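K.L.:
give the three-dimensional model of this entry:
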Amino acid sequence: MSSPPLPARSVRDPRLDVFRGICLVMIFVNHVPGTVFEDFTTRNFGFSDAAEGFVLMSGIAAGLAYSNDFRDRSMRLWTGLARVWRRVWTLYLVHILTTFAALAIAAAVALWLGNAEVLFENQMKWVWTDPLRTLVGLVILTHQFGYVNILPLYLTLLAITPVLLFVAWRAPLWLLAASILVWLVAGLYHLGPPNFPTQGVWFFNPLTWQLIFIIGLLTGVALKDGRRFVPVRRWLQIASGLLVVYAAFSVQIPAVSKATGHTLWLAKETFHLPWNITAFDKTYVTAPRLLHILALAYFLSSFAFIRRACAHRLAAPFELLGRQALPVFALGSVLCIGLQGVKHVTGVNILADAAILAVGLGLQFALAAARQYWPKPPKAA
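P.N.:
Numbers count the residues shown, from 1 in each chain. Modelled structure (predicted):
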């Protein structure tokens, strides 16, 4: 008897990996502040930056990877829970390793380059001024170093993803409405997980950033079901494109920026709008930042030629980075702390800036290639 035909393998959409890879590059460049190349990253051409894009695509990836386990009430629910929470534990371990590796590389810069300043930047000073409480805070995620603090947000949101996916299959619009309400209330009253031993809330506040993640999650669930969460409409393409272009002009042209600020202030005073509708704040993902990343994502995802461009061989390096996003991000986070110290030594020097970023990105590409192409040991029968 002939064997039954194998099911066709689904073709992986290259856009997710390519844009995730581009976000990783932009995040790394932004995390070595002061280089001349920082002026050419996406945050200089819109209200949002690569972090919002990375979280949105993390939600899409989670929806694609885990949604089928929560589609019905079968025993796959327990398998899905195990898969998601195993990933959460991995993210926690990577974050702790990244945190202490960043501390070590900052110490190396101080020891061998004579630049102790880096030890007191990026929230590291508390390790020396309040070591006992800070070490507790690092482990329980209530104290996070700057530039290595996005994984706590991601693992927190991923931990509740099983519940979110269960609702997403059954009442997606109710889930979206609840997410918007939480975002609005958290921003209005400045709610969020508290820091310890310092004051305030997490810089990447899960109560507000969850809205970007959940929109990505709903998008991933819809894609898994063979449809778009928001259909392609010409008027939406025009509106999202105009918003993206206007945001670029507003950031780049002082007169437009001043007009934008005045218009938002006038709207707030006239209609008594909540502050997070008109302000520009990253912790609470205020409305201008939120609308910009959603408009940008919709615009880029609604044209077929973008998908073809992402499948081109010239986009392959970014796709490689995107496929290995977690180890690449972890390595980049550690390197950027050390390279900040190097940047302090080199000063304003375009050749040094190029060398610093080339070394850092080269190491990240090498890690991604090793993870992707290194021969795997044969699986046991």
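
K.L.:
the helices in the stretch 151-300 of the chain, which residues?
P.N.:
151-159, 161-170, 172-188, 206-224, 234-252, 254-271, 275-278, 287-301 (DSSP state H, counting those that start in this stretch).

K.L.:
mind checking how far the second one is from the chain centre?
P.N.:
Counting by CA atoms, centre = their mean, to the nearest Å, helix 161-170 is centred 21 Å from the centre of its parent chain.

K.L.:
which parts of that helix are buried?
P.N.:
Across helix 161-170, burial judged by 16 or more other CB atoms under 10 Å covers 161, 162, 164, 165, 166, 167, 168, 169. Every C-beta, even on glycine, is put in place using the N, C-alpha and C of the backbone.

K.L.:
please name the residues that touch the third one.
P.N.:
When you say that, I think you mean residue 164. Residues counted as contacts of residue 164 (CB atoms under 8 Å, 6 or more residues apart in numbering) are 175, 214, 217.

K.L.:
what about the second one, neighbour count?
P.N.:
So that's residue 214. Other residues lying near residue 214 total 27 when counted by other CB atoms under 10 Å.

K.L.:
what of residue 191?
P.N.:
Neighbourhood size, residue 191 [other CB under 10 Å]: 15.

K.L.:
contact partners for the spatially most central residue of the chain?
P.N.:
In the chain, the residue lying closest to the centroid (CA atoms, centre = their mean) is residue 54, at 2.8 Å. Applying CB under 8 Å, 6+ apart to residue 54 gives the contacts 20, 23, 24, 27, 150.

K.L.:
right, and the third one touches residue 323 too?
P.N.:
Okay, so that is residue 24. No: with contact defined as CB atoms under 8 Å, residue 24 does not reach residue 323; the gap is 10.9 Å.

K.L.:
these two: which is more packed in?
P.N.:
Counted by other CB under 10 Å, residue 24 and residue 323 do not tie: residue 24 has more neighbours, with 23 against 18.

K.L.:
name the nearest residue to that one, ignoring sequence neighbours.
P.N.:
residue 321 (5.2 Å; CB to CB, 6 or more residues apart in numbering).

K.L.:
so the one you found is in which element?
P.N.:
Take DSSP states H and E as the rule and residue 321 turns out to sit in helix 316-323.

K.L.:
after that helix comes which helix or strand?
P.N.:
Downstream of helix 316-323, the next assigned helix or strand under DSSP H and E is helix 325-346.

K.L.:
just the C-alphas of that following helix, formatted as PDB.
P.N.:
Extracted in PDB, the C-alpha atoms of helix 325-346 (Å, rounded to 0.1, in the frame of the first residue of the first chain):
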ATOM      1  CA  ALA A 325      15.300  37.400  17.900                       C
ATOM      2  CA  LEU A 326      15.800  36.300  21.500                       C
ATOM      3  CA  PRO A 327      19.500  35.500  21.500                       C
ATOM      4  CA  VAL A 328      20.200  38.400  19.200                       C
ATOM      5  CA  PHE A 329      18.400  40.900  21.400                       C
ATOM      6  CA  ALA A 330      20.100  39.500  24.500                       C
ATOM      7  CA  LEU A 331      23.600  39.800  23.000                       C
ATOM      8  CA  GLY A 332      22.800  43.300  21.600                       C
ATOM      9  CA  SER A 333      21.600  44.400  25.100                       C
ATOM     10  CA  VAL A 334      24.800  43.300  26.700                       C
ATOM     11  CA  LEU A 335      27.000  44.800  24.000                       C
ATOM     12  CA  CYS A 336      25.300  48.100  24.000                       C
ATOM     13  CA  ILE A 337      26.200  48.700  27.700                       C
ATOM     14  CA  GLY A 338      29.800  48.100  27.000                       C
ATOM     15  CA  LEU A 339      29.900  50.100  23.800                       C
ATOM     16  CA  GLN A 340      28.300  53.000  25.600                       C
ATOM     17  CA  GLY A 341      31.500  53.100  27.700                       C
ATOM     18  CA  VAL A 342      33.600  52.800  24.600                       C
ATOM     19  CA  LYS A 343      31.700  55.700  23.000                       C
ATOM     20  CA  HIS A 344      32.500  57.800  26.000                       C
ATOM     21  CA  VAL A 345      36.200  57.200  25.300                       C
ATOM     22  CA  THR A 346      36.100  57.800  21.600                       C
END
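
K.L.:
and that helix, which residues are buried?
P.N.:
Buried, per 16+ other CB under 10 Å, within helix 325-346: 325, 328-343.

K.L.:
what packs against it?
P.N.:
In this structure, helix 325-346 makes packing contacts with helix 14-30, helix 76-112, helix 350-373, judged by 3 or more CB pairs under 8 Å, 6 or more residues apart in numbering; DSSP states H and E.

K.L.:
quick one, it and helix 316-323 angle?
P.N.:
Relative orientation of helix 325-346 and helix 316-323, computed by axes from the mean of the first three to the mean of the last three CA atoms, to 10 degrees: 110 degrees.

K.L.:
for helix 325-346, the averaged confidence score.
P.N.:
The average pLDDT within helix 325-346 is 93.

K.L.:
same question for stretch 187-199.
P.N.:
Rounded mean pLDDT across stretch 187-199 is 96.

K.L.:
can you give me the buried ones in it?
P.N.:
Neighbour counts over stretch 187-199 (16+ other CB under 10 Å) mark 187, 190, 192, 193, 195 as buried.
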